[in-house]
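**Q** need the 3D shape of this:
(2 chains)
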Amino acid sequence: MLRAEYKVEGGKLIKVQLKKEDDKIGFIRITGDFFMHPEDLIEDFENALLGCPINEDAIIKVIKDFINERKVTLLGATPEDFAKCIIKAGGNVG
Amino acid sequence: MLVEEWRLLDTGLRDAFYNMALDEAIAIARSRNIVPNTIRFFRWEPSAVSIGYFQSMEEEVDVEACNRMGIDYVRRRTGGGAVYHDRDGELTYSLIVSESHPLISRDFQKTYEILCSSLVRGLRLLGIPAEFKPINDIVVGGKKISGNAQTRGMGVVHQHGTILRDVNPKLMFTVLKVPSEKIRDKMIKSVEERVTSIKSFLGRDVSFEELKRALIRGFEEALNIKLVPEEVTDFEEELALKLKAEKYSTREWNFKR
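**A** All right, here's what the predicted structure looks like:
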């Protein structure tokens, strides 16, 4: 399992556990002290990222599309912050 | 002008699972229009750790230390970080209000600011120059004295938060996980620098009763409401016990991430 933590400016912390499959996201678990509303969409949020290439622009697009489609509000962390943490995990040796 | 009346509950010392279950039960009761907008005060017995909705219990909490010390651990329905709720050091409040109330903005950040202004006002009544600090904190002299978290659903806004009467960073890091033992002391120091309490700021003990009186006035003045002491309804109590048994006390919920 690949792991990374990313400290958002302003204080919130994002943690990612990741498994890669052919340089794509094969498994992802996002934890941390950020706010996301509605809360129970977090699993759908993770599932939306499955199969996404581990590439910052691609990840940001998936997250932004998910937020728009599902009317999600993020507080304390942006799509860019999540993408940075995922990229960081993807680069770590598991 | 007629002042709007809200219900005031004081549920005293209860366990972590009931405390979190009752919050949800009140929100459900409010969504069905069975109860009015509500402010609730509560405390934790035994002392407990709560984690944010998106956090991992294993990553945040030293579960073995908690078991050893008889400290409960529970996942909240709100996001945010892990909090140690000391039986004697902390007062917790919940605010449950209809989402259509004029106080509620669609903007979460704005709503935190409005609702937290009640606590700021209450603390100032005690002589503490508290200020709201986005996203969800209240600080005094730059140090955190209160943390807050909000969720919405079923047309209801639920915000709960803590007010520190007294703080014990050493105990806090006995129950919260630290990345390594080596940096435990450093983290305790850093908490001492970043967190304060009513006692450390004023240099005197403020009783729970005095604190609640100040906060009640803070809520009433800041939100332009009158708080009317009432009891938890049978509907809420029964639902809370059910939610405690079926959700908040279960491993499935508490360890789901």
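**Q** strands of the chain, residue ranges please.
**A** Unless you meant another one, I'm taking chain A. Counting by DSSP state E, chain A has strands at residues A:2-7, A:13-21, A:24-32, A:35-37, A:73-75.
**Q** that's the other chain; I wanted chain B
**A** Under DSSP E, chain B gives strands at B:4-14, B:38-44, B:48-51, B:72-75, B:83-85, B:90-98, B:130-133, B:137-140, B:143-153, B:156-164, B:225-229.
**Q** what does the shortest one contact?
**A** Translated: strand B:83-85. Residues external to strand B:83-85 that are found in contact with it (C-beta atoms under 8 Å, 6 or more residues apart in numbering or on different chains): B:16, B:43-44, B:47-51, B:92, B:147, B:162, B:171-172, B:175-176. For the C-beta atoms, the positions are set from N, CA and C on the backbone; glycine is no exception.
**Q** thought B:V157 was touching B:V97?
**A** Yes - assessed by C-beta atoms under 8 Å, B:V157 is found in contact with B:V97 at 5.3 Å.
**Q** give me the number of residues near B:P102?
**A** B:P102 is flanked by 7 other residues according to other C-beta atoms under 10 Å in any protein chain shown.
**Q** follow-up on the earlier one: B:L239 is nearest to which of the strands of chain A?
**A** Ranking the strands of chain A by proximity to B:L239 (C-beta to C-beta) places strand A:35-37 first, at 22.7 Å.
**Q** please see if that closest one touches chain B.
**A** Yes - legend: contact between strand A:35-37 and chain B by C-beta under 8 Å from any C-beta of the partner chain is shown at A:35-37.
**Q** max pairwise distance over the contacts of strand B:83-85: which two?
**A** B:R43 and B:L176 (19.5 Å).
**Q** would JSON lines of the strands of chain B with distance to A:L74 be doable?
**A** Shown next, in JSON lines, are the strands of chain B (distance: least, C-beta to C-beta, whole Å):
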{"stretch": "strand B:4-14", "distance to A:L74": "30"}
{"stretch": "strand B:38-44", "distance to A:L74": "28"}
{"stretch": "strand B:48-51", "distance to A:L74": "19"}
{"stretch": "strand B:72-75", "distance to A:L74": "20"}
{"stretch": "strand B:83-85", "distance to A:L74": "21"}
{"stretch": "strand B:90-98", "distance to A:L74": "22"}
{"stretch": "strand B:130-133", "distance to A:L74": "19"}
{"stretch": "strand B:137-140", "distance to A:L74": "18"}
{"stretch": "strand B:143-153", "distance to A:L74": "13"}
{"stretch": "strand B:156-164", "distance to A:L74": "17"}
{"stretch": "strand B:225-229", "distance to A:L74": "30"}
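**Q** okay if I get those strands as a markdown table plus mean neighbour count and mean pLDDT?
**A** Below are those laid out as a markdown table (neighbours: other C-beta atoms under 10 Å in any protein chain shown; pLDDT from 0 to 100):
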| stretch | mean neighbour count | mean pLDDT |
| --- | --- | --- |
| strand B:4-14 | 17 | 98 |
| strand B:38-44 | 22 | 98 |
| strand B:48-51 | 25 | 98 |
| strand B:72-75 | 23 | 98 |
| strand B:83-85 | 23 | 96 |
| strand B:90-98 | 22 | 98 |
| strand B:130-133 | 19 | 98 |
| strand B:137-140 | 21 | 97 |
| strand B:143-153 | 21 | 97 |
| strand B:156-164 | 24 | 98 |
| strand B:225-229 | 14 | 98 |
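**Q** the spatially most central residue of chain A and B:F54: what is the separation?
**A** Residue closest to the mean C-alpha point of chain A, counted by C-alpha atoms, centre = their mean, is A:F82 at 4.2 Å. Separation of A:F82 from B:F54 (C-beta to C-beta, to the nearest Å) stands at 11 Å.
**Q** check B:V63 too.
**A** B:V63 sits 18 Å away from B:F54, going by C-beta to C-beta.
**Q** check B:R251 too.
**A** With C-beta to C-beta as the criterion, B:R251 and B:F54 are 18 Å apart.
**Q** list just the nearest of the contacts of strand B:83-85 to A:F27.
**A** B:I51 (21.9 Å).
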